[in-house]
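# A predicted structure for the sequence below; I have some questions about it.
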Protein chains: 2
Amino acid sequence: MMYPNWLSQRAYLNGSRMALSFGEQQWTFAELDGKALEYAGKLSAAGVTKDSRVAFLSKSHPRFVMLMYACLHAGCEMVMLNERLSKAELAYQLEDSGADFAFVDDVLADKIDSPRKMLFSEIDKKEELPFMPEPEWHSDRTISIMYTSGTTGNPKGVRQTAENHFSSAVSSALNIGIAPDDVWLCTVPLFHISGFSILMRSLIYGMGVRLHPKFDAEQCAYELQAGRVTHMSVVGVTLERILAALKELDLEVSPRFKVMLAGGGPIPTNYIHRAGSYGISVLQTYGMTETSSQTTTLQPDDADRKAGSSGKPLFLYQVQIGDAKKAGDIGEIHIRGPQVTPGYIGKFADREVQQEGWLHTGDMGYLDEEGFLFVVDRRSDLIVSGGENIYPAEIEKTLLAHPAVREAGVCGMQSDEWGEVPVAFVVLNAPAKADELLAHCREQIASYKVPKHLRFVDALPRNASNKLLRRELKTWDW
Amino acid sequence: MMYPNWLSQRAYLNGSRMALSFGEQQWTFAELDGKALEYAGKLSAAGVTKDSRVAFLSKSHPRFVMLMYACLHAGCEMVMLNERLSKAELAYQLEDSGADFAFVDDVLADKIDSPRKMLFSEIDKKEELPFMPEPEWHSDRTISIMYTSGTTGNPKGVRQTAENHFSSAVSSALNIGIAPDDVWLCTVPLFHISGFSILMRSLIYGMGVRLHPKFDAEQCAYELQAGRVTHMSVVGVTLERILAALKELDLEVSPRFKVMLAGGGPIPTNYIHRAGSYGISVLQTYGMTETSSQTTTLQPDDADRKAGSSGKPLFLYQVQIGDAKKAGDIGEIHIRGPQVTPGYIGKFADREVQQEGWLHTGDMGYLDEEGFLFVVDRRSDLIVSGGENIYPAEIEKTLLAHPAVREAGVCGMQSDEWGEVPVAFVVLNAPAKADELLAHCREQIASYKVPKHLRFVDALPRNASNKLLRRELKTWDW
């Protein structure tokens, strides 16, 4: 099916409504669309066409939004690079995606060395060519591509189509409601599905976005008090910090504020209660890059009764447990719906992501008698640290690349601050110091992935087939 | 694409939420789903299968809703018959649709003579067979079929698919917003798209429906005061009566009430203002059976500035004017979007309803500089009388069937009560009395279609090609 161009349509239908605000600046939908069209003219001069694939590396600010919206108008695909990744990781994703351009925020210029690199300031200087936006978008059009690692440790570029984003936005609206004067506070990264989906909702709902350059608990507390925002996306650690800031600053939350969507694993029930005392409704969600964010949500009313659950699917989605015979049986979580990616790009382009229409997540879980989902083991022992997904296999691969390392095992350790942090167990085959190995990691992978602790051991726990038992590692002592 | 069965999904996700209330009775989504499953077992015993086409003739009450929901579970198609039609008209639609069953409300038993007739009381007596609902619905599935006349005077059965209804509900939500505790007051007929679409929204939004057996202005006024409903669908005449009742009874409208959707032609701006004084927001809409109700809406803020306009399209829809070169040019209104019917059934099954993806409505209009739609002439001089569409060609055909009538011309006349009423001009070829001709009409067509006045004339106004000029008739004297 065809959608009217979301940007043009919103500018036509609600041109004078607030679309984006940042600090003291703000833009209506008509103004933002105007900026996007200007940039589309400049991108056209740079050589971007409907068939281009464009990588972005940027911090959160309005110019980044305008450039992405220019790409929406142009009809090209956007590869969303994570600014926290190492140079080596970024180079891999740029290479794998075959992006024709790498548009880079000037402050991140050093992160990428590529002939395809073009700084935002260089785009600004381009002459604006006459440009006509695509009047309609096919629902199959790939809008964004985000890399996620999964079981292999090799990051895979996940396609997210217009239909993926549309059905995700609509399903969320059918769950929590929407109103024409909603404003979503965005302090999560725009290159993640958590942040990018806020922009998609903005266009689809005609909703304002209040953008912060980065998460700052005090700033958030003041926003909640001021009553200019109605929704916000958080993870456990940011929620806790906001609650602490509200208390510290002795602030109340405006009754205009409605809902927080909380991703990245279960939220302690005491956070939900503390939020409730401020009138904040926290909905826990379960989702992944392959499902354009939330697939299930747990309502605050069920938070106590169903502690640890990820709730029930959104209206258009279905969840089932592979091989489960009855409620309570644990198995692989399978997901079905229009929010599920059609597949990967690059090296993994041939891999079927759906099996008979169902996404096999690799996560293990069960559905209880009432149909509430409980995730008991994240895929490949996924570590969720401050909202970032960390795959142990990727860190292990990095450690094993060091000549002194014979075996490496990584798992998550509870952290009050981050939810979890990665820790490593290493078997050496030549003398080495922990600091040396960690320095090696810091060169290869993003700093949040570098193990917080590294311990040398004689052997790693393995099963009969010699498969590493990361769950057993978790019980080991520090 | 596939949808999860809307009924099963709502019962699973929001089983304890109010789904339907009628008088003092009410049903949650789980209860209503249970009733629908019971009836599905009985319909199964009656011989209804996934491949059946089922006609319904009923007044508005919960059993009718349950039976329709049973058909949704069964996966069959529903032909919605209008209880105000004459026996001859109903027989035509039953025949044309080839319905396998005609399920008839007992109080309307006399309206249909057919071996396929089965009264609701007879269904009740059936033994309930074991029944498994369809777990998923294809978006192309025809849910409902509604007859509409259009230019020819021959009623055509319009298919409305799951996607038509879904996109209509979602587009409306993206326009006016939704909240989990919304309740829609339904006093419009369930067999019309105006009422049927309320049921579809109920399932898709998880929204309660407050059902009245028929429109009663005082009852509506009390509902608005009581604050148990948030939305309502009206036409000009019912809106005016509600406003009069509110004044007469000296009632206030609860702040919980949000929006009225007003169909059936432009609403006088003084109604909008009077509604505004009660805090009622009235959105004027333009739509038709072929577009599953509203396609454009006019916001109350624009009602004065754009008096007479039908507003702008909903988010997923596009409107253009055939052959228009610039804003203000009048031409045929063309509509595009996922709410547009894929086509007709029966005698008109072969007729292409879309041309290159656009529905040619037959209505004439223009878009102004800001993109607001103005409808200047309804298709085939459509008369809209108290929310019912009346096609002059159909009444003319009926008059011409009388042996004394040589020529007949019908047009709409302004009516304070109904908006418009039909009036007829007749050229005789043999002596006859007006009463005699009107009695003839009463036998053939629904009473609301029978001309309110009939005048004998010597000739009708015609153009060079001898085409009847109904617009000129309108200027004629009574």
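Yes, it's here. Every value quoted in this text rests on a predicted model; they were computed, and no experiment measured them.

# check which element follows the longest helix along chain A along the chain.
Looking only at chain A and at elements set by DSSP state H, the helix with the highest residue count is helix A:29-46. Taking DSSP states H and E as the definition, the helix or strand that follows helix A:29-46 towards the C-terminus is strand A:53-57.

# and the angle for that following strand with helix A:29-46?
Interaxial angle of strand A:53-57 relative to helix A:29-46 (axes from the mean of the first three to the mean of the last three CA atoms, to 10 degrees): 110 degrees.

# for strand A:53-57, C-alpha coordinates in PDB please.
As requested, C-alpha coordinates have been extracted for strand A:53-57 and formatted as PDB (Å, rounded to 0.1, in the frame of the first residue of the first chain):
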ATOM      1  CA  ARG A  53      21.800   4.600   1.100                       C
ATOM      2  CA  VAL A  54      23.000   7.200   3.500                       C
ATOM      3  CA  ALA A  55      24.700   6.600   6.900                       C
ATOM      4  CA  PHE A  56      24.300   9.100   9.700                       C
ATOM      5  CA  LEU A  57      26.600   9.600  12.700                       C
END
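
# now it: buried residues?
Within strand A:53-57, the residues that qualify as buried by neighbour count (16 or more other CB atoms under 10 Å in any protein chain shown) are A:53-57. Heads up, the C-betas are built off the backbone N, CA and C, glycines and all.

# now stretch A:133-151
By neighbour count with 16+ other CB under 10 Å, stretch A:133-151 contains the buried residues A:133, A:136-137, A:139, A:141-150.

# tell me which of those is nearest to chain B?
Closest approach to chain B among these (CB to the nearest CB): residue A:136, at 8.2 Å.

# is the closest one bridged to anything, and to what?
When bridges are taken as DSSP bridges, the partners of residue A:136 come out as residue A:4.

# from the opening residue of stretch A:194-213 to its closing one, how far?
Counting by CA to CA, to the nearest Å, you get 15 Å between the two ends of stretch A:194-213.

# just how off-centre is it within its chain?
14 Å (CA atoms, centre = their mean, to the nearest Å).

# how about stretch A:191-203?
Centre-to-centre, stretch A:191-203 and its host chain are 9 Å apart (CA atoms, centre = their mean).

# can you give the contact residues for it?
Counting by CB atoms under 8 Å, 6 or more residues apart in numbering or on different chains, the neighbours of stretch A:191-203 from elsewhere in the structure are A:6-7, A:10, A:19-20, A:56-58, A:60, A:65, A:68, A:80-83, A:143-144, A:146, A:160, A:165-166, A:168-169, A:172-173, A:184, A:186, A:188-190, A:207-209, A:233, A:263, A:287, A:289, A:292-293, A:387.

# and chain B, which of these reach it?
When contact is defined as CB under 8 Å from any CB of the partner chain, the contacts of stretch A:191-203 meet chain B at A:10, A:173.

# which ones among the contacts of stretch A:191-203 map onto strands?
In strands, defined here by DSSP state E, the members of the contacts of stretch A:191-203 are A:19-20, A:56-57, A:80-81, A:143-144, A:146, A:160, A:184, A:186, A:208-209, A:233, A:263, A:287, A:293.

# drop anything exposed from those.
A:19-20, A:56-57, A:80-81, A:143-144, A:146, A:160, A:184, A:186, A:208-209, A:233, A:263, A:287, A:293.

# skipping adjacent residues, who's closest to residue A:389 in space?
In space, and not counting its chain neighbours, residue A:389 is closest to residue A:382: 5.9 Å by CB to CB, 6 or more residues apart in numbering or on different chains.

# spell out which parts of chain A neighbour chain B.
Proximity of chain A to chain B is assessed by CB under 8 Å from any CB, with A:1-4, A:9-10, A:12-13, A:170, A:173-174, A:176-180, A:204-206, A:312-313, A:315-318, A:338, A:357, A:371 identified as the residues in range.
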